[in-house]
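> one predicted model, sequence on top.
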Amino acid sequence: MFVKIFRREWKDKLDLLIFACAGILLHILAFLLLPERRDLLDILTGAMTVIFLPFIGLLLGAGGFAAEFKDDAWAYLFSRPVKRSTIWLAKYAALLTILAAVLLAFSAAVRVVPGLSGTVADLGINDLGGGLSLMSLGFLLSWVLLTIGFSLSFLTERQYAVVFLSFLIWAALAFGVFRFWMPLLASHVGNPMSPGVLFPFTILIPAALAVASLWALLRTDFSQPARKARDFAKFAAPLLITALILGTIWTTARVSREIGRRIFELQVQGSSAYFATPGKILRFDAEGGRLRTIARARAPWGRIAVGGDKVVFIKYAFETRRNVFADLWMMNTDGSGAASLGVTSRKGSPFFGLHPVSFQISPDGQGVVFAAKNFRERPARWLIGSVKTDGTGLEAFPLDIDEASWAWIHFVGWSPDGRGPLVYLFPDGRAMREAAAVSRLVRFDLETGSSELLAENTHFIHPILNLSVSRQFVALVSRSEADQRLLVLMDITSRERREVVRADSIEWYRWADDGNRLAFLAGKRRLGVYSPAEKRVIISREFESFDPGRLGPGLTWVRGGLGLALKVVRDGAGYLVELDGDLSEKQAMPFPFDVNEAGYLVGIGASVLVLNSDKDQLWLADLDTGAWRKVY
């Protein structure tokens, strides 16, 4: 009987399946016939994924028991030798497989049609957040609305009423979570919440309604419509309350786990190291061995910039529980004098409501430069901003580069004359797939608002390790005609390029504290030191075999530039190896944890800070005593 009901449901809903496939076919034709209309195709793809497919799911669910209302078929159906639970399960399974067929057809179109997969991926990355892709959201909504509609479909023969009520329940759920729960949770933890926190409610509430529907079908007298509705409400109420409680516990636990202890932006200045977590900014003084919190700032990425005696960081400001601003704050390196610069929270600011993604302190410590993407324009464009350390003198400049709308931005440092930042633009996902943009390094002039191209088709190993202390040279990696990697020093003023090393790969490089030498790892086995003054590699060493561990190489200068330290795997064990100025091995300190968890290294006097990336720990290796200490 299960199979018979299953097949009949497929037959009854075949016209809806054909309608859904026709919609998918029209979408494919739009992509094939109008490839140049990117904005239109973005709108069509978004509508198809989060409106059309969920609507198909809603229509399927709302018609789940439509046939049983015709000619009072309920009495005949219940007179058959079949359990009511079997009827419910057979119908629901049939509708799920029909919806799965529709979603499978759309998935196949996304994989096959040129450009469609990139559009779906870009819309998910740019618009949703929280790790929820556009397709995942569309498919999830399709199941949600099908389940809600099916759970209500046995209550009335008016299918339009089931559609309206199902949509109303979902809208009330979304409105309640977005307007009340997400802002409440955000203000509690200090972070704006992504739509990903909807996920537990999205699963649990439809499931509660489905269980209530099955329970009511098993126990209700279908000859009394009013009692049928009352019984369903009686069963649904405690289940919905339970779903809301479980959803609240689930999202709270998830958010607490996400903000956790992650370490970001480890930077050293003098004898102190600074780093951020999603809730704090901390300073570690190597001389006294003291770790202390210098600011509390809830921010999911914990970005900071250290320069002079100042620290700039992002802090979320909750004007109300629903109005959240990611504003720039500045404080002294000891944590005193913290104050908002007001660049995004101040009404009338050209950056009002935007999110700074990269920022740096000027060489004289009197100003801050930052970048934010203006999504109020189409296409979205990057704005470069500058502001004094007291929050005055805010200026905004559009980044007038053709590929700027495709790119992400990072500030490499400041030009030698101090007039503006060096800006690195690298392509986003769509541009890389479509070869529509290349990476660029430009010098931006804050006095004129103009930009000057310095290099293109280059990349950097690390965001903050590229500029020499004097700001005369920038280290960058490019590709040769023979498909080798070139480590190049470029004189920012003259644009003269000097080849440092040519190899199949460039693993790492690091400027000495005095800015007069550049250490590098290349070809997976060669370690060398280059002198810009002498314009040559002054010393190098070949390793017979070099294994840096799962997270890749780490290299840093130690003892004020007198030596180097790097991580090495030998016979399955990890070591922090100290090298003298002639690159001979001085000592090898075994890691106190799995070397495959060891990430970034940074020297600080006669010590090395090592980031345990897997466990979000910070360790200090004392090169004089050979002892390890867990700092954080």
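Looks like it arrived, so ask away. Just so we're clear, the structure is a prediction, and the values are computed from it rather than from any experiment.
> what comes up buried for stretch 356-367?
Residues 356-363, 367 are the ones in stretch 356-367 that count as buried (16 or more other C-beta atoms under 10 Å). All C-beta atoms are positioned from the backbone trio N, CA, C, and that covers glycine.
> grab the two from those residues that are most spread out in space.
Within the buried residues of stretch 356-367, 357 and 363 form the most distant pair, 21.4 Å apart (C-beta to C-beta).
> re earlier: between the buried residues of stretch 356-367, which is closest to residue 530?
residue 363 (24.2 Å).
> follow-up on the earlier one: closest to residue 516 among the buried residues of stretch 356-367?
Distances from residue 516 to the buried residues of stretch 356-367, taken by C-beta to C-beta, are shortest for residue 363, at 18.5 Å.
> so that closest one makes contact with residue 415?
No: using C-beta atoms under 8 Å, residue 363 is not in contact with residue 415, being 9.4 Å away.
> mutual contacts of these two, please.
Counting by C-beta atoms under 8 Å, 6 or more residues apart in numbering, the shared contacts of residue 363 and residue 415 are residue 471.
> can you map out the helices along the protein?
For the chain, applying DSSP state H gives helices covering 2-12, 14-33, 38-47, 53-62, 73-79, 84-112, 116-127, 134-152, 159-176, 182-189, 199-219, 225-259, 429-434.
> could you tell me the least trusted of those?
Lowest mean pLDDT of these: helix 429-434, a mean of 51.
> nearest to residue 342, of the helices of the chain?
That would be helix 182-189 among the helices of the chain, by C-beta to C-beta, at 20.0 Å.
> tally up the residues packed near residue 5, please.
20 (other C-beta atoms under 10 Å).
> er, residue 148 actually
27.
> so who does it touch?
58, 61, 166, 169-170, 206, 209.
> can you pick the most crowded of these?
residue 61 (30 neighbours).
> from residue 151, how far out is that residue?
8 Å (C-beta to C-beta, to the nearest Å).
> same question for residue 344.
Separation of residue 344 from residue 151 (C-beta to C-beta) stands at 44 Å.
> of these two, which one has the most company?
Per other C-beta under 10 Å, whichever of residue 344 and residue 151 has more neighbours is residue 151, with 29 against 23.
> isn't that one right up against residue 212?
Yes: the pair residue 151 and residue 212 passes the contact test of C-beta under 8 Å, sitting 6.8 Å apart.
> let me see the ranges of the strands in the stretch 251-400 of the chain.
Taking DSSP state E, counting those that start in this stretch, the strands of the stretch 251-400 of the chain run over residues 264-269, 272-276, 280-285, 290-296, 304-307, 310-318, 324-332, 339-340, 356-361, 367-374, 381-388, 395-398.
> dump these into TSV; add distance to residue 526 and mean pLDDT as well.
Compiled in TSV, the strands of the stretch 251-400 of the chain are given as follows (distance: least, C-beta to C-beta, whole Å; pLDDT from 0 to 100):
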stretch	distance to residue 526	mean pLDDT
strand 264-269	26	84
strand 272-276	29	90
strand 280-285	33	90
strand 290-296	37	90
strand 304-307	32	87
strand 310-318	37	81
strand 324-332	41	84
strand 339-340	48	88
strand 356-361	32	88
strand 367-374	36	88
strand 381-388	38	89
strand 395-398	42	90
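> can you check which of those strands gets nearest to residue 201?
Here strand 324-332 is closest among those (C-beta to C-beta), at 20.6 Å.
> contact partners of that closest one?
186, 192, 294-295, 297, 299, 309-319, 337-345, 353, 355-356, 359, 368, 370, 387, 389.
> adjacent strands (with direction) for it?
strand 310-318 (antiparallel), strand 339-340 (antiparallel) (DSSP bridges).
> need the pLDDT of residue 561.
At residue 561, pLDDT is 88.
> nearest residue to it in space, please, no chain neighbours.
Residue nearest to residue 561 in three dimensions, not counting chain neighbours: residue 512, with 4.2 Å by C-beta to C-beta, 6 or more residues apart in numbering.
> and what of residue 281?
Per C-beta to C-beta, 6+ apart, closest to residue 281 is residue 295, 4.2 Å.
> then residue 526?
In space, and not counting its chain neighbours, residue 526 is closest to residue 542: 5.6 Å by C-beta to C-beta, 6+ apart.
> so the residue nearest to residue 148 when sequence neighbours are not counted versus residue 399, what's the distance?
What sits nearest to residue 148 in space, not counting adjacent residues and going by C-beta to C-beta, 6+ apart, is residue 166, at 4.4 Å. Look at residue 166 and residue 399: by C-beta to C-beta, they are 46 Å apart.
> thank you, goodbye.
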